[in-house]
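Enquirer: how would this look folded up:
(chains A and B)
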Amino acid sequence: KNQVEQSPQSLIILEGKNCTLQCNYTVSPFSNLRWYKQDTGRGPVSLTIMTFSENTKSNGRYTATLDADTKQSSLHITASQLSDSASYICVVSAKTSYDKVIFGPGTSLSVIP
Amino acid sequence: EPEVTQTPSHQVTQMGQEVILRCVPISNHLYFYWYRQILGQKVEFLVSFYNNEISEKSEIFDDQFSVERPDGSNFTLKIRSTKLEDSAMYFCASFGTGPHEQFFGPGTRLTVL
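Expert: Sure, this is the predicted structure:
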């Protein structure tokens, strides 16, 4: 069964600190993996996307890694800011005739001063 | 950057009433999706739409739900007889042919009283 799991479920960090969020998936055949940021009451906004051959991708203070062998991904946030407080969702696409998209449950991140 | 738009941003309705949620996807995209997110829960897949027909639907998408692309631009989700448990954020997504072409709309918050 295609599934995406994330840990931790929630995380509280001090402003300026770094953090790493984890994603494990059992999606086959794998097409791509995305990390989204979702502010409360808003639609998900794409941070990074990685295909099978990519194992790291950066977007500003966000760096995502992908290990396609172990089916794990991480999102590292550097020098966190209060505006980073949001839900971070790992989304994995299966390669079918169209991209079948499977959402993880998200990690709720709170950055406090 | 292209964007997906959704209207209304917030819809309040009485239980048993019909609602139509509207989405304008990216003009040259081919795949359209509806997702919902009940408050505090993960994003759930409802239905995918390709070539003017449903390509896949989840078990949530029962006979009370329907989708249409009536005029080649709008993409609508209709709920025939709303239930209290239909209260959620509904997101439309528009996918192009490449993995970098996946965009979510801002969502419609549906409140069923």
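
Enquirer: so where do the strands sit in chain B?
Expert: Along chain B, counting by DSSP state E, strands occupy B:5-7, B:10-13, B:19-24, B:31-37, B:44-50, B:53-57, B:65-68, B:75-79, B:88-95, B:102-104, B:108-112.

Enquirer: how near is the residue nearest the centre of chain B to B:Phe61?
Expert: Of all residues in chain B, the one closest to the mean position by C-alpha atoms, centre = their mean is B:Trp34, 3.3 Å from it. Remark: distance between B:Trp34 and B:Phe61 (C-beta to C-beta, to the nearest Å) = 8 Å. To be clear about C-beta, it is placed using only N, CA and C from the backbone, and glycine gets the same treatment.

Enquirer: off-centre distance for the helix or strand of chain B with the lowest mean pLDDT?
Expert: Using mean pLDDT, DSSP states H and E, strand B:102-104 stands out as the lowest-scoring helix or strand of chain B, at a mean of 84. Relative to its parent chain, strand B:102-104 has a centroid offset of 12 Å by C-alpha atoms, centre = their mean, to the nearest Å.

Enquirer: still on that earlier bit, closest one to chain A among the strands of chain B?
Expert: strand B:102-104 (4.2 Å; C-beta to the nearest C-beta).

Enquirer: write out the residues of chain B neighbouring chain A.
Expert: B:31, B:33, B:35, B:42-45, B:48, B:50, B:55-56, B:89, B:91, B:93, B:95, B:99-100, B:102-107, B:109 (C-beta under 8 Å from any C-beta of the partner chain).
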